[in-house]
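Trainee: only geometry, no sequence info:
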DNA sequence: AACGCAATCACAAACGTTTGTGTATTTTAG
DNA sequence: CTAAAATACACAAACGTTTGTGATTGCGTT
């Protein structure tokens, strides 16, 4: 059904080789006259290039794969925006695949899909790769980069925010505002990310001579529900006067549950969240947050992939900043 | 670098043809003994199939493309979840592409990308296709389906909610609750979707003998900001006692601005939104909504694509239901 | 011992493109 | 006016796989 390069060649009275060179603008190889004939024929036939054939012969593709885990909060959109922007500038295509959350099978399937297609680069957004899938990725001979996650395996390249700093600065900010009894919510302690944030939190407490109460930190998974269960654990008379929540959604969870308890935000309980997505601006009170540079993560990730294998760019971390709103 | 089927053939001492058949489980063609040898060799070489070659020769692919426009609110995640589920059941791959919002260029590029790859089906999620790109889509000879949008061009197949019913039922619900002065916010009147919802709204008002005030309907684009500007237009002493907002985000916008004005929700102003995403549950007060069956849209869309070209399934609309929460 | 039939495999063509190389044709230089 | 150089094109191989068809083997039956 679909027209091929040979059909065009026949119609224009030239060889397929010439058609190919015209269509890919190899200006040194053809005259303007034949170019016109070829382009006209191509248009009339509604020609669409067959990418499979192109990639087969050229042995490379112009697509970047972004593998995203379905996260509780939706910061990945911002990262993908950054990716898209750079892709457009460089005439690359971006395809996005879902890898579930902590779903080894889906991770594997997504990886196999993109490796079989031999994409030119793989960006893994917030995916905590199962060790059993690492081999697949590393031996595929395709540039790859983790985004928005700190990994156990430090050999794997990644770009993210400095999670220790996130924990430290959030806590430090609350201390500066006069708080000394500070909780940590939805910490996700099994992950490196969560662990580092906890360390930052601990360090900040320690630096200011505050005593650390392990029962003030609540585990969780960045989810809204984790925020509410944490707050329920604190109870009507919370032992803390402020909490740092590890995601915007978790922060909303604690705020809602706190209000359920009749507590006023920020007077009875101050809240600072990490991420700083639009959610912070649309809830009331608006949430003061440690805002991450997600868009920039996407941009830098793409640039790094494009310039592969660049010498190791040093700065692995995108900046964070505290945006003051109404919740503390 | 990467191992091919020929390498395996050499290593296992068989022909490439046999390797191919073993690897694709054409059980009628080989003995268990050679199968073992082949599989062993394949594993040792870390073989990954070259999809470009496969698709070139078989002339078909196992990927479904989902083209999404970057929407204000994020219901597309739910649709994609539905798509993914069916895809997994049928051993298909899903790739997602962004088409910007009302960006003709990006639409065209996304379409060309998937057509060149001759995917087996295209799902367009909430993309309002520019007429200039219609030809591309329709002449590509690839099954396609629009999701979550009502189109001007009724020739194009789509699955969505019944927008007239959305407008009608939302309005009717408010009337039943005793309201007679009802506004319509962020209506997106240029789109068919917005137009139909307005018709539903008008019809419901008319059916109950209520007078229609055109100045009570505010245009917009489903965005949060559209909600706040609409509310600002209504002012401190709004002429309406209830509004239907055309998205959850827009509803939050009016609610926030209303509270800014010192109005209590739902006592001074009732709000019903359409969509019913998780946002409705996490804001306070929780928003009563006309909830759409996004997940089901994805599922039905996929099934329709898979069974292409099925006889025209009749029910083009997925169900909607009103979920009562706290905002009216 | 000769035959037929499965079972198992190898051969080779085909998919649509890119690209190195060869070959006419035209242009330029001397 | 001739030779060299540049231009414009065609030929054909190659990419990695699938699949129709033909060849070989081994077995059981007479």
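Mentor: Sure, I can see it. Note that the structure is predicted; figures quoted are calculated from it, not measured.
Trainee: is the nearest residue to residue A:323 once chain neighbours are set aside in a bridge, and if so with what?
Mentor: Nearest non-adjacent residue to residue A:323, counting by Cβ to Cβ, 6 or more residues apart in numbering or on different chains: residue A:291, 4.8 Å away. For every residue, glycine as well, the C-beta is placed using N, CA and C. Residue A:291 forms beta bridges with residue A:275, residue A:321, as assigned by DSSP bridges.
Trainee: What about residue A:291, how many residues nearby?
Mentor: Using other Cβ atoms under 10 Å in any protein chain shown, residue A:291 is surrounded by 19 other residues.
Trainee: Quick check: it vs residue A:211, distance?
Mentor: Here residue A:291 is placed at a distance of 29 Å from residue A:211 (Cβ to Cβ, to the nearest Å).
Trainee: same deal with residue A:122?
Mentor: 45 Å.
Trainee: So the two - more neighbours on which side?
Mentor: Using other Cβ under 10 Å as the criterion, residue A:122 and residue A:211 rank with residue A:122 on top: 22 against 8.
Trainee: Return the residue spatially closest to that one, with its sequence-adjacent residues excluded.
Mentor: In space, residue A:122 is closest to residue A:144, 4.1 Å off (Cβ to Cβ, 6+ apart).
Trainee: Show the contacting residues for the one you found.
Mentor: Listed by Cβ atoms under 8 Å, 6 or more residues apart in numbering or on different chains, the contact partners of residue A:144 are A:121, A:122, A:123, A:124, A:137, A:157, A:305.
Trainee: The fourth one: which element?
Mentor: This means residue A:124. Applying DSSP states H and E as the criterion places residue A:124 in strand A:121-125.
Trainee: Counting by contacts, list what that strand packs against.
Mentor: Contacts defined by 3 or more Cβ pairs under 8 Å, 6 or more residues apart in numbering or on different chains; DSSP states H and E place strand A:121-125 against strand A:63-68, helix A:76-89, strand A:144-147, helix A:294-306.
Trainee: Relative to residue A:100, which of those is closest?
Mentor: Nearest to residue A:100 among these is strand A:63-68; the distance by Cβ to Cβ comes to 10.0 Å.
Trainee: Just checking the distance from that closest one to the centre of its chain.
Mentor: Offset of strand A:63-68 from its chain centre (Cα atoms, centre = their mean, to the nearest Å): 11 Å.
Trainee: ok, now stretch A:58-77?
Mentor: Put simply, stretch A:58-77 sits 8 Å off its chain's centre (Cα atoms, centre = their mean).
Trainee: do stretch A:162-170 as well
Mentor: Distance, centroid of stretch A:162-170 to centroid of chain: 18 Å (Cα atoms, centre = their mean).
Trainee: And the average pLDDT for it is what?
Mentor: Stretch A:162-170 shows a mean pLDDT of 98 in the predicted model.
Trainee: now stretch A:185-198
Mentor: For stretch A:185-198, mean pLDDT is 94.
Trainee: list the buried ones in that stretch?
Mentor: Judged by neighbour count using 16 or more other Cβ atoms under 10 Å in any protein chain shown, the buried positions of stretch A:185-198 are A:185, A:186, A:187, A:188, A:191, A:192, A:193, A:194, A:195, A:196, A:197, A:198.
Trainee: In contact with the third one, which residues are there?
Mentor: Put plainly, it is residue A:187. A:194, A:197, A:198, A:217, A:218, A:219, A:220, A:246.
Trainee: just the fourth one next, same as before
Mentor: For residue A:188, the set of contacting residues under the criterion of Cβ under 8 Å, 6+ apart consists of A:194, A:219, A:220, A:221, A:222, A:246.
Trainee: So for the residues you listed, which is the shakiest by pLDDT?
Mentor: Minimum pLDDT for the contacts of residue A:188 is recorded at residue A:221 (88).
Trainee: wait, isn't it in contact with residue A:190?
Mentor: No: with contacts counted by Cβ atoms under 8 Å, residue A:221 stays clear of residue A:190, the gap being 9.3 Å.
Trainee: Show me the residue at the heart of chain A, geometrically.
Mentor: Centroid-nearest residue in chain A: residue A:125, 3.7 Å away (criterion: Cα atoms, centre = their mean).
Trainee: Contact residues of chain A facing DNA strand C?
Mentor: Contact residues, chain A versus DNA strand C (Cβ under 7 Å from any atom of the strand): A:2, A:4-6, A:16-17, A:20-21, A:23-24, A:47, A:49-50, A:53-54, A:56-58.
Trainee: can you list the residues of the stretch 101-250 of chain A near chain B?
Mentor: Residues of the stretch 101-250 of chain A lying close to chain B (Cβ under 8 Å from any Cβ of the partner chain) are A:106, A:109, A:112-113, A:115-118, A:139-141, A:224, A:249.
Trainee: biggest separation within those residues, which pair?
Mentor: Spatial extent of these (Cβ to Cβ) is set by the pair A:141 and A:224 at 40.4 Å.
Trainee: So which of the two has more stuff around it?
Mentor: More crowded of residue A:141 and residue A:224, by other Cβ under 10 Å: residue A:224, with 22 against 11.
Trainee: List the contacts of that one.
Mentor: A:72, A:249, A:250, A:252, A:253, B:278, B:282.
Trainee: which one of the residues you listed is nearest residue A:301?
Mentor: Closest to residue A:301 out of those is residue A:72 (21.2 Å), distances taken as Cβ to Cβ.
Trainee: thinking again about what came up before, nearest to residue A:31 among the contacts of residue A:224?
Mentor: residue A:72 (59.4 Å).
Trainee: Excluding chain neighbours, what is closest to whichever residue of the stretch 201-328 of chain A sits closest to DNA strand D?
Mentor: Nearest residue of the stretch 201-328 of chain A to DNA strand D: residue A:308, at 20.4 Å (Cβ to the nearest atom of the strand). Residue nearest to residue A:308 in three dimensions, not counting chain neighbours: residue A:143, with 4.0 Å by Cβ to Cβ, 6+ apart.
Trainee: State the distance from the one you found to residue A:68.
Mentor: Applying Cβ to Cβ to residue A:143 and residue A:68 gives a distance of 18 Å.
Trainee: out of these two, which sits in the busier spot?
Mentor: residue A:68 (23 against 19).
Trainee: returning to that earlier point: Three-state assignment for the residue of the stretch 201-328 of chain A closest to DNA strand D, please.
Mentor: Here residue A:308 is recorded as coil under DSSP: H, G, I helix; E, B strand; the rest coil.
Trainee: Can you check what pLDDT the model gives it?
Mentor: pLDDT, residue A:308: 77.
Trainee: Check the gap between it and residue A:99 for me.
Mentor: 22 Å.
Trainee: cool, and residue A:135?
Mentor: 16 Å.
Trainee: what sits up against stretch A:196-206?
Mentor: Under Cβ under 8 Å, 6+ apart, the answer for stretch A:196-206 is A:150, A:163-172, A:175, A:182, A:184, A:187, A:189, A:211-212, A:217, A:244, A:246, A:274.
Trainee: The same query, at a cut-off of 6 Å, please.
Mentor: Stretch A:196-206 is touched from outside by A:163, A:164, A:166, A:167, A:168, A:171, A:172, A:184, A:187, A:212, with contacts defined as Cβ atoms under 6 Å, 6 or more residues apart in numbering or on different chains.
Trainee: now the helices: where do they sit in the stretch 151-300 of chain A?
Mentor: A:163-176, A:192-207, A:224-234, A:248-260, A:279-282, A:294-306 (DSSP state H, counting those that start in this stretch).
Trainee: In three-state terms, label the residue of the stretch 51-200 of chain A found nearest DNA strand D for me.
Mentor: With Cβ to the nearest atom of the strand as the measure, residue A:57 is the residue of the stretch 51-200 of chain A nearest to DNA strand D, at 3.2 Å. Following three-state DSSP, we place residue A:57 in the helix state.
Trainee: Before I go, just wanted to say thanks for your time.
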